[in-house]
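Trainee: can you look at this prediction? I've put the sequence above it.
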Amino acid sequence: MMATPLELFRDTCELAGDLIVIPVSLALILPLWVVSALKSYLRPTKRVYKSIVITGASSGIGAQLATKLAGPGVTMLLIARDIDRLKEVKEECVAKGARVEIFSTDLASKLDLYQDELLRFDSANPVDLLISNAAELVYTSSASERDWTSKEFYCHLLDTNISGVVITTQTLVPRFQSRKRGTIMMTSSINAFLPPGQQMFYNMSKAAILSYSESLRTLLDKDSITVSVLIPGLTNTRLAQLLWKEGKSTFPKPLSTEEDVLATIAVDQLKMGATTIAPSVWQYVTAKLVNTVPLTLKSYIVKAHYLSGVGGAKQT
């Protein structure tokens with residue numbers, strides 16, 4: 001059905017307003033972003049982390065973070081569901097001189113045992129870096145293959161991606177506060193800003209983590225605790241490779257980030273005390289800028305640059 005003249009006029013006015021809002025927002029906010037970024041790079045000393053907890057450490061970004069943070073004098077607790085992969089990551093970290101414990105659990109269940117393990121490890125090795133990285137992404141092939149409106153479809157993902165991160169963090173926050181030191185990093189995603197519809201529950205969870213990290217940062221600043229958020233764009237993981245292979249991703253592959261590159265950047269930024277970590281300048285600016293982009297333009301960006309169609313894969 002063709003748009004009426006009134007609808008066309010309304011859409012034209014809305015688009016014109018969008019084009020005015022963006023440069024004004026940039027002029028007002030960009031200087032603050034630049035100052036914030038420079039503060040991270042100009043800090044005189046790099047932090048050293050000796051007791052580290054990482055969730056989602058069996059593969060992907062979590063595994064890469066673990067191996068890059070491992071070294072002599074470092075004690076680590078690595079947590080994930082896949083015990084076999086955890087053992088492999090442990091061997092790599094031990095080979096670098098770290099002392100490593102592993103704990104296999106599903107962050108969507110058995111939380112009492114999990115919290116007890118976190119507190120036990122912290123009592124023996126006061127944690128100075130907590131990385132809440134565990135997450136699940138469900139990407140459905142079609143609504144007919146699986147009812148994405150049913151709670152069985154999304155509850156486990158939300159429990160893992162939101163409750164798992166919050167419970168992990170809240171368990172150790174009182175210990176951090178009592179010591180008046182420590183760093184917490186959570187993994188969000190560019191999807192928190194540019195949410196493709198086929199991943200709406202994942203997007204929602206990452207937006208929640210972004211909001212939680214920013215709120216917690218404000219709350220814990222007085223206790224000298226740094227709260228950082230990692231905001232990856234599309235990362236060249238096993239899932240991304242599958243989507244490219246099947247032709248279900250339109251995102252330009254050259255703009256993706258390799259896992260080890262992302263982990264290297266994240267570790268360097270963590271050691272400098274950065275609070276917003278992105279793999280490249282353009283993704284950092286995108287993450288900051290896109291909140292000022294009106295919904296109409298944001299929808300165009302999502303449709304142009306994210307996933308077309310729907311595919312089937314699951315990553316934890």
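Mentor: On my side now, so go ahead. Residues are numbered from 1 along each chain as shown.
Trainee: enumerate the positions of stretch 156-175 that are buried.
Mentor: Neighbour counts over stretch 156-175 (16 or more other Cβ atoms under 10 Å) mark 156-169, 171-173, 175 as buried. C-beta: built from backbone N, CA, C; applies to glycine.
Trainee: contacts for stretch 70-79?
Mentor: If you take Cβ atoms under 8 Å, 6 or more residues apart in numbering as the criterion, stretch 70-79 is touched by 49-58, 66, 69, 86, 89-90, 92-94, 96-105, 107, 114, 117-118, 121, 125, 134.
Trainee: correction: stretch 112-129
Mentor: By Cβ under 8 Å, 6+ apart, the residues outside stretch 112-129 that reach it are 49-53, 69, 75, 77, 79, 101, 103, 105, 107, 167-168, 171-172, 175-176, 179, 181-185, 270.
Trainee: try stretch 263-273
Mentor: Stretch 263-273 is contacted by residues 40-41, 43, 46-49, 61, 64-65, 67-69, 129, 183, 185, 226, 228, 230, 277, 279 when judged by Cβ under 8 Å, 6+ apart.
Trainee: okay, and which of the contacts of stretch 112-129 map to strands?
Mentor: Ser51, Ile52, Val53, Thr75, Leu77, Ile79, Glu101, Phe103, Thr183, Ile184, Met185 (DSSP state E).
Trainee: show the buried residues in the contacts of stretch 70-79.
Mentor: 49, 51-58, 66, 69, 86, 89-90, 93, 98, 100-103, 105, 107, 114, 117-118, 121, 125, 134.
Trainee: inside helices: which ones of these?
Mentor: Among the buried ones among the contacts of stretch 70-79, the members falling in helices (DSSP state H) are Ala66, Leu69, Leu86, Val89, Lys90, Cys93, Tyr114, Glu117, Leu118, Phe121.
Trainee: could these go into JSON lines alongside distance to Ser150 and pLDDT?
Mentor: Shown next, in JSON lines, are those (distance: Cβ to Cβ, whole Å; pLDDT from 0 to 100):
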{"residue": "Ala66", "distance to Ser150": "35", "pLDDT": "97"}
{"residue": "Leu69", "distance to Ser150": "39", "pLDDT": "97"}
{"residue": "Leu86", "distance to Ser150": "31", "pLDDT": "95"}
{"residue": "Val89", "distance to Ser150": "34", "pLDDT": "97"}
{"residue": "Lys90", "distance to Ser150": "37", "pLDDT": "97"}
{"residue": "Cys93", "distance to Ser150": "39", "pLDDT": "98"}
{"residue": "Tyr114", "distance to Ser150": "26", "pLDDT": "91"}
{"residue": "Glu117", "distance to Ser150": "32", "pLDDT": "95"}
{"residue": "Leu118", "distance to Ser150": "32", "pLDDT": "96"}
{"residue": "Phe121", "distance to Ser150": "37", "pLDDT": "98"}
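Trainee: between the residues you listed, which is nearest Ser213?
Mentor: Nearest to Ser213, judged by Cβ to Cβ, of those is Leu118 at 18.4 Å.
Trainee: distance of the closest one relative to Glu258?
Mentor: Using Cβ to Cβ, to the nearest Å, Leu118 is found at 30 Å from Glu258.
Trainee: and what of Asp128?
Mentor: Going from Asp128 to Glu258 by Cβ to Cβ gives 27 Å.
Trainee: so the two - more neighbours on which side?
Mentor: Higher neighbour count among Asp128 and Glu258: Asp128, with 17 against 13, using other Cβ atoms under 10 Å.
Trainee: report the angle between the helix or strand hosting Ile61 and strand 75-80.
Mentor: Assigned by DSSP states H and E, Ile61 falls within helix 60-69. Orientation of helix 60-69 against strand 75-80 (axes from the mean of the first three to the mean of the last three Cα atoms, to 10 degrees) gives an angle of 170 degrees.
Trainee: related to what we said a few turns ago, could you list which of the buried residues of stretch 156-175 belong to helices?
Mentor: Using DSSP H, the buried residues of stretch 156-175 in helices are His156, Leu157, Leu158, Val165, Val166, Ile167, Thr168, Thr169, Thr171, Leu172, Val173, Arg175.
Trainee: now the fourth one: closest residue in space, sequence neighbours ignored.
Mentor: Right, the one you point to is Val165. Ser132 (4.3 Å; Cβ to Cβ, 6 or more residues apart in numbering).
Trainee: my read is that that neighbour contacts Ile162, right?
Mentor: No: in this structure, Ser132 is not within contact of Ile162 by Cβ atoms under 8 Å, at 10.6 Å.
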